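J.: Let me see the structure of the following:
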Amino acid sequence: MRLELVKIITLSITGYDAPELKSGIEEAAQSLVSVQKVLLPLLKKKDQSSVLLNQQLSGATAYLYQHPDFDSFDRMVFLKNYALPLQQQLTTFIQISKADLQKKSGLNYQAKHLFSPDAIPQNIFPGARISTPAMVALGQKLFLEKSLSGNLKRSCASCHHPDQYFGEKLKTSIAFDEQSYLTRNAPTLLYTVFQYSQFWDGRVKSLQEQIKAVISNPLEMNGKHEVIVDSISKSKQYRQDFLQAFPAFKVNPVSMETIADALAAYVGSLNPRNSAFDRYMNGDRKAMKSSAVKGFNLFMGKAACGSCHFAPLFNGLIPPYYKLTEYEVLGTPGNADFSKLKKDQDKGRYDFFPISFYQAAFKTPTIRNVEKTAPYMHNGVFTDLYQVVDFYNKGGGAGLGLDLPGQTLSSKPLHLSKAETQNIIDFMKSLTDNL
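T.: This next block holds a predicted model:
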């Protein structure tokens, strides 16, 4: 029942299952009817919990039936007045009824609702460790440590700048030789822990794997693991820091494993969830501008953004189970001039997983803090959000005329007006955290 409600909130009302038919609202109503029927034997009790749940199910279903038009459906009203209170009441009902039989998803069922900061726990993701303040503090220190690189000039912060929302203003980062450039954009590290794969092509599973790969990559940090461990071990202060962070490793606290764990703990802490949107969804109804609320409705509806950037993290973490990260073929071009479009040559996930389905496929990143993390896309081709929305509005690369038979994004135009485009951008700006 809980999974079905999450599916309604994240998939049905976004049109995920039938984007061309735009029948998601009617499907959501039928799903709630089914939920109510399944629960009926338990709802016959006259206790307050059962009565409230039955009333809320009926109210949510009625609202869906009364507003069946997909494009004009007010998703925010549905969520704040019906779906999220229903989710809270369902949790209370399950607890009182002692009907907590299965927990198949990665969700924390003790969270207030799907948009609560603790709704998706970090411990479900690859490489998860029990993080401590000492580990996070050590990781933050190592994040700025240049002895992790082969030339003692580069650190993690060289490409993921804390004052740039842990991203970079460059289209692609400067390579280790300080003359050439890497082929892909350095994405923000904020919320990156909430994925089942890392790098744009998802070639590793955990943050620890990614950290060790970047450190040793000749084009990035070009560090030798044994040299790094030896250098860090010689520092009395670092040895004390590692002993405090990893008390179980009293003999040899410094290793590439503990270095990676500390850095992963710090990166995992980069999820503040204090944006205007988060405050709004958790009770502060003055936090979002009306244009941003309109943008949310468009994002989750007509513009179809929410069918790939899934709530609540707005990344590729697929609901309702939240146990898989998705990849998409958008047809991102090699240049931003739509009148003289060039095909990007990056094969994406295909280079790691060579099946045709993954040709030019890339992981769906979060759009949280996207206002602060230009340029955009895997190759940094777009310099502002207006270009990004325009690209999607025109149907991606295939919609703009590129030969991309494997594009997973619909090539049909969205027909967004200038006002709707601005509203969507206002919504994305409402996802900016205070760092």
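
J.: Going by residue numbers, what spans are helices in the stretch 51-200 of the chain?
T.: 75-78, 84-97, 133-143 (DSSP state H, counting those that start in this stretch).

J.: Confidence-wise, which of the ones you listed is weakest overall?
T.: Confidence, taken as mean pLDDT, is least for helix 84-97 of the helices of the stretch 51-200 of the chain (a mean of 93).

J.: Tabulate the CA atom coordinates of that helix in PDB.
T.: Only the C-alpha atoms of helix 84-97 are listed here, as PDB (Å, rounded to 0.1, in the frame of the first residue of the first chain):
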ATOM      1  CA  LEU A  84       1.200  13.700   1.900                       C
ATOM      2  CA  PRO A  85      -1.300  13.800   4.700                       C
ATOM      3  CA  LEU A  86      -2.600  10.500   3.400                       C
ATOM      4  CA  GLN A  87       0.900   9.100   3.500                       C
ATOM      5  CA  GLN A  88       1.300  10.200   7.100                       C
ATOM      6  CA  GLN A  89      -2.000   8.700   8.100                       C
ATOM      7  CA  LEU A  90      -1.300   5.500   6.300                       C
ATOM      8  CA  THR A  91       1.900   5.200   8.300                       C
ATOM      9  CA  THR A  92       0.000   5.800  11.600                       C
ATOM     10  CA  PHE A  93      -2.600   3.300  10.600                       C
ATOM     11  CA  ILE A  94      -0.100   0.600   9.800                       C
ATOM     12  CA  GLN A  95       1.700   1.100  13.100                       C
ATOM     13  CA  ILE A  96      -1.500   1.000  15.100                       C
ATOM     14  CA  SER A  97      -2.800  -2.000  13.200                       C
END
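
J.: Tell me the helices and strands packed up against that helix.
T.: Here helix 84-97 touches helix 2-10, helix 48-66, going by 3 or more C-beta pairs under 8 Å, 6 or more residues apart in numbering; DSSP states H and E. Every residue, glycine included, has its C-beta placed from N, CA and C.

J.: what helices or strands is the shortest one leaning on?
T.: Helices and strands touching helix 2-10, by 3+ C-beta pairs under 8 Å, 6+ apart, are helix 24-43, helix 84-97.

J.: Distance to residue 152 added to those helices, as a markdown table?
T.: Shown next, in a markdown table, are the helices and strands packed on helix 2-10 (distance: least, C-beta to C-beta, whole Å):
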| stretch | distance to residue 152 |
| --- | --- |
| helix 24-43 | 55 |
| helix 84-97 | 51 |
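
J.: Between the ones you listed, which one is closest to residue 302.
T.: helix 24-43 (11.4 Å; C-beta to C-beta).

J.: quick one: contacts for residue 174?
T.: 180-182 (C-beta atoms under 8 Å, 6 or more residues apart in numbering).

J.: The same query, at a cut-off of 7 Å, please.
T.: Residue 174 sits next to residue 181 when contact means C-beta atoms under 7 Å, 6 or more residues apart in numbering.

J.: quick one on the thing from earlier: pipe the helices of the stretch 51-200 of the chain into CSV and attach mean neighbour count and distance to residue 393 per row.
T.: Listed next are these as CSV, based on neighbours: other C-beta atoms under 10 Å; distance: least, C-beta to C-beta, whole Å:
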stretch, mean neighbour count, distance to residue 393
helix 75-78, 19, 19
helix 84-97, 18, 30
helix 133-143, 20, 37
